[in-house]
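**Q** Just the structure for this:
(chains A and B)
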Amino acid sequence: MMESTELVRVFTVERKNGMSILTKQFQDALSKIEPEKDADHAADAHAEVRDVLHDDADLMEWGLHSVLIGSYRREVSIRRVKDVDVFCELPNLPADHDPQDLLDKFASLLAVEYGDRVAKNDRSVKVDFPDFDMHVDVVPARCADDDWEIPDRDGGWEKTHPVRFSELSTARNQAHNKKYVPVVKLLRQTRRALRGDVKPGGFFVEVAAYHAFEGIPNADSDACPSSTAEYYTVALETMAPILRDHADNFARLMNPAIPDQDLHVRATQQELDAIADAWEQAAVDARVALKSTNDQDAAQTFKRLLGQNSDGDDVFEVPVAVSAGHRSLPSGESPTFG
Amino acid sequence: MTRTLTLTAAVWRTLRDAATRALPREIGGLLLGYFTELGPHVVEARVVPDPRATRIRYQRDAALAERILDSSIRADSTGLVGYLGEWHTHPLPIGPSTTDINASGRLAKVGGHDIALLVLATGSRGWIGHALNLDPAGNMETLRVHVEGTGNDG
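**A** Below you'll find the model as predicted:
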C-alpha cells in the first residue's frame, strides 16, 4: 500500500481567514439544486395558460396582465419545482365583482382547454401539467390603491403584492453582491433536508432569510461575509432567533411586500417549534464547520445540512483527500522493461 | 475494493498517440500526478525516449527522467504533481511481463514507496491499459484503469 507517511497531506480546498470555505463544493451544491428544465417547463406552462385566458373578452376588458410570481420569479426556486404561480392582474375589474365568482370564471375558462386537470381552490385555480410533473396556480387579482387584492378563504379579498417582493428580493441581492439569491436557495434546501415535506415550507424560510439579511453586513461593509460558506452560516445564525421569536409568538414574521401584514404560515405550533429547534442546531453546526481546521469534517457537516436533491444525489460533496506524488525518482537506476 | 489508476482523458490520448507513433517499437516514460483515496491519479504522462528500444525491450533513462520530473514539478502550481510510477508499451496483446514486474518491484523496494506500473498493449480495439501496484514489501496488486470523463476504462 501507499506509504502516505512520507507524503505531504494536501486537500484540494481553499481556506480563507482560517475558515473552511469549500468554494468549489458550494458552487457544485448550487448547481445540484438548480431547477434546470423545470424553469423551461414553468415558462411553457405560463405561456399556455396566458394564451387561454387572453382569449376571453371579459378578462381583456378588465385589463388582464399575467405574470409569473413566486420563488420561480424571485429566482430562488430549487429542484424540483412542483408548482408555479401565475398572478393575473385585473386593474379594471368592477369593484363589486364577487371573488368566488371570479375564481369560478377562471376555472370555467381553463376547464374548456384542460378539462379535469383544473381544480378550483379557495384563493386560486390549479391546473395540472402532468407532462411536466408540475401544476400552475392561477391567482386572479384586483387593484387596491398601490397594492393588489386576491380572493381569501372567507369569501372576501386579501391584500398582496407578490411583484413587490420580487423587486425587494432583487434589491437585497444587489446589496449583498448577488449572494442573497444563492444563499436563499441553500437555506431552502436546508429546510428540505432537515424538515422534508413538513410545514412550514420554503417560502417561510425565504421570508425569514429576507428579514435576516437586513441585519447581515452587506457589500459596502468590511464585515461583509467573504464566502458563500460564511454567508450561509451567518444567515443560519441570524435566522435562528427570528424563527424562534415567530414560534414563541414573540415577534411574528411579517410579509415584506405589505407593511404591517403578518405572513400567513400554514404550520402547527409543534411544527414551528421543530423548525426553530432545527435551525438553532444547524446554525451551531455550521459555525463549528466553518471554523474547523479539518476540511473533511467541515464538509461532512455541510453535506448533512444540505441533504439530497430530488434525484437522490448528495447536494454537497465531501472533497477527496489527496496527497502529492513523489518529488524524486525512486532510484538512480535506469529500469529495463520488456 | 479494487483500487484504480485514474488517467485524465488528455493523458490517455498522449499515451495512445505516443504508443502508435513508436510502433513497431516499445516506448515508455513516467506517470506523474497525485494520490487519492481511490488510487494514483495521473495528470501528466511524460515520454522518456529510448533510441535503442525494440519490439520487446524499453529502458527508461534515469538521468533524462530526473530532468523531466524536475521540470514538471517546477511547472506545477498546485504542489501536488509528482512521480507515481512507470509506463511503457507492448506492441503485442500482452500485459505486464515478469521483467516488468521485477523492475517495478525493485523500484518500489529501493524507493521505499509504492510504484504504479501501466502497460499499454495492443488489442483488437486499439490500445488497452493494464495496471499494477507494487509495494516495497514485494506485494503486487492489480489496479483498474479508468480514463476520466469518458465513462470508459482504458
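**Q** When you work out contacts or count neighbours from here on, use the C-alpha atoms and nothing else.
**A** Fine.
**Q** the strands in chain B, which residues?
**A** Taking DSSP state E to define them, one finds strands in chain B at B:4-7, B:28-36, B:39-47, B:58-59, B:82-90, B:115-123, B:126-134, B:140-147, B:152-153.
**Q** Switch those strands over to JSON lines; also include mean pLDDT.
**A** Formatted as JSON lines, those follow (pLDDT from 0 to 100):
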{"stretch": "strand B:4-7", "mean pLDDT": "96"}
{"stretch": "strand B:28-36", "mean pLDDT": "96"}
{"stretch": "strand B:39-47", "mean pLDDT": "96"}
{"stretch": "strand B:58-59", "mean pLDDT": "98"}
{"stretch": "strand B:82-90", "mean pLDDT": "98"}
{"stretch": "strand B:115-123", "mean pLDDT": "96"}
{"stretch": "strand B:126-134", "mean pLDDT": "96"}
{"stretch": "strand B:140-147", "mean pLDDT": "96"}
{"stretch": "strand B:152-153", "mean pLDDT": "54"}
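**Q** Would you mind finding the most buried of the ones you listed?
**A** strand B:82-90 (a mean of 28; mean count of other Cα atoms under 10 Å in any protein chain shown).
**Q** Tell me which other helices or strands that strand touches.
**A** For strand B:82-90, the helices and strands in contact under the criterion 3 or more Cα pairs under 8 Å, 6 or more residues apart in numbering or on different chains; DSSP states H and E are strand B:28-36, helix B:62-75, strand B:115-123.
**Q** Would you tell me which residues of chain B are close to chain A?
**A** B:32-37, B:56-63, B:66, B:69-70, B:73, B:79-84, B:88, B:90, B:97, B:99-100, B:103-104, B:107-108, B:110-114, B:135 (Cα under 8 Å from any Cα of the partner chain).
**Q** can you do 7 Å?
**A** B:32-37, B:56-62, B:66, B:79-84, B:97, B:99-100, B:103, B:107, B:110-111, B:113-114, B:135 (Cα under 7 Å from any Cα of the partner chain).
**Q** ends of stretch A:69-82, how far apart?
**A** Stretch A:69-82 has an end-to-end distance of 14 Å (Cα to Cα, to the nearest Å).
**Q** ok, and what's touching it?
**A** A:33-35, A:38, A:84-87, A:133-135, A:162-163, A:166, A:169, A:181, A:184-185, A:309-310 (Cα atoms under 7 Å, 6 or more residues apart in numbering or on different chains).
**Q** Give me the below-cutoff pLDDT ranges for chain A.
**A** Applying pLDDT under 70 to chain A picks out residues A:1-18, A:20.
**Q** mind listing the strands for it?
**A** A:9-11, A:15-16, A:19-20, A:65-69, A:83-90, A:118-120, A:125-129, A:134-144, A:147-151, A:157-160, A:321-324, A:336-337.
**Q** Same list (those) but as CSV, adding mean neighbour count.
**A** Listed next are those as CSV, based on neighbours: other Cα atoms under 10 Å in any protein chain shown:
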stretch, mean neighbour count
strand A:9-11, 15
strand A:15-16, 12
strand A:19-20, 23
strand A:65-69, 20
strand A:83-90, 23
strand A:118-120, 19
strand A:125-129, 21
strand A:134-144, 22
strand A:147-151, 21
strand A:157-160, 18
strand A:321-324, 22
strand A:336-337, 22
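**Q** want to try JSON lines for the ones you listed, with distance to residue B:131 as columns?
**A** Shown next, in JSON lines, are the strands of chain A (distance: least, Cα to Cα, whole Å):
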{"stretch": "strand A:9-11", "distance to residue B:131": "25"}
{"stretch": "strand A:15-16", "distance to residue B:131": "35"}
{"stretch": "strand A:19-20", "distance to residue B:131": "36"}
{"stretch": "strand A:65-69", "distance to residue B:131": "56"}
{"stretch": "strand A:83-90", "distance to residue B:131": "51"}
{"stretch": "strand A:118-120", "distance to residue B:131": "61"}
{"stretch": "strand A:125-129", "distance to residue B:131": "52"}
{"stretch": "strand A:134-144", "distance to residue B:131": "49"}
{"stretch": "strand A:147-151", "distance to residue B:131": "68"}
{"stretch": "strand A:157-160", "distance to residue B:131": "66"}
{"stretch": "strand A:321-324", "distance to residue B:131": "20"}
{"stretch": "strand A:336-337", "distance to residue B:131": "14"}
